[in-house]
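> sequence unknown, structure follows:
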């Protein structure tokens, strides 16, 4: 938060020991200097919520937390110390600890009701929003979007016109849109053309504007948490729906960098490679899926479809038989098997 933006500045108590520079005379100079350095960093955090701790050593971070814990032990209702502790933990990736600190800070602020909101000081108002906002962000980092939305809604119940919080809510609401997420989770089927014409069967028609809007919010979500494999996965799915396959592949690859064990992402990656006319790489992706889950019907079906298009009919037949062992009633798999058998019966070349 900018220093000039007073409404976003963490409010200090009238007598805030975090900024006092008078220490007991028994402390040696080295300890005094250490505390002065700690207080300087704390002051920067209080003035600017964007202040980075990336360049600080773990030793310095521990000194800051030790200093804050001492202040909190002396005054368990020291709101600002709890808020700064939560901020330090948040900025150093300790999200569960940050949430606990923000919850403790909220306990020190009078509960908001219609009857006592007017009794809040400016400090209470700003600290309340700050604690809930960063609690929500910590929850988002942990993928706990529903609880994060609950925290944002608590802020909006008091400040319904807060544009910053509304923006965060819009971002996360995409990840709580059950219908959209269900669509983005639907694994694409590869339908080979049974004739010699290599044109692909048309994909289902989707509302492109819906996915464009979802992409905008997903990109904002990645600004909050660029290491969320699920957001990268959904971004890839939305791009796939829009036919932007190169971009989709990049998104799936990023998701797999973070979580290489997700079989669904491997399956999407295989379908994307197929759409990019890279069938051999697509086959390898589906093999990855089947290594992780040999009962994945879609992977068997899609692999069989690609092998059919490559005229590797004997291999295709074996693969499709595996799909039908999982779901014997699937008409697409049955039709594909019939097409393969027809090719083999006609003595057409089967490339092995």
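Yep, it's here. Since this is a predicted model, take the numbers as computed values, not measurements.

> Remind me which helix or strand residue 303 belongs to.
When secondary structure is defined by DSSP states H and E, residue 303 falls within helix 297-309.

> in that helix, what's buried?
Along helix 297-309, the positions that meet the burial threshold by neighbour count (16 or more other Cβ atoms under 10 Å) are 297-309. In this view, the C-beta of every residue, glycine as well, is placed from N, C-alpha and C.

> Same check on stretch 163-180?
Buried residues in stretch 163-180, defined by neighbour count with 16+ other Cβ under 10 Å: 165, 168, 169, 171, 172, 174, 175, 180.

> got it, and stretch 89-99?
Counting neighbours by 16+ other Cβ under 10 Å, one finds that the buried residues in stretch 89-99 are 89, 90, 91, 92, 94, 95, 97, 98, 99.

> what's the answer for stretch 309-321, then?
In stretch 309-321, residues buried by neighbour count (16+ other Cβ under 10 Å) are 309, 312, 313, 315, 316, 317, 319, 320.

> these two touch, right, the first one and residue 279?
Read that as residue 309. Yes: because the distance of 6.9 Å satisfies Cβ atoms under 8 Å, residue 309 is recorded as touching residue 279.

> in the chain, which segments are predicted with low confidence?
Regions of the chain meeting the criterion pLDDT under 70 cover residues 1-34, 112-120, 178, 193-206, 349-352.

> gap between the residue most central in space within it and residue 238?
For the chain, the residue whose C-alpha lies nearest the mean C-alpha position (Cα atoms, centre = their mean) is residue 228; its distance is 3.2 Å. Distance check for residue 228 against residue 238: by Cβ to Cβ, to the nearest Å, it reads 15 Å.

> Likewise for residue 345?
Counting by Cβ to Cβ, the gap from residue 345 to residue 238 is 42 Å.

> more crowded one of those two?
With neighbours defined as other Cβ atoms under 10 Å, residue 345 and residue 238 compare such that residue 238 has more, 28 against 8.

> Would you indicate which residues of the helix or strand harbouring residue 140 are buried?
Per DSSP H and E, residue 140 falls inside helix 122-141. Of the residues in helix 122-141, those buried under the neighbour-count criterion (16+ other Cβ under 10 Å) are 123-141.
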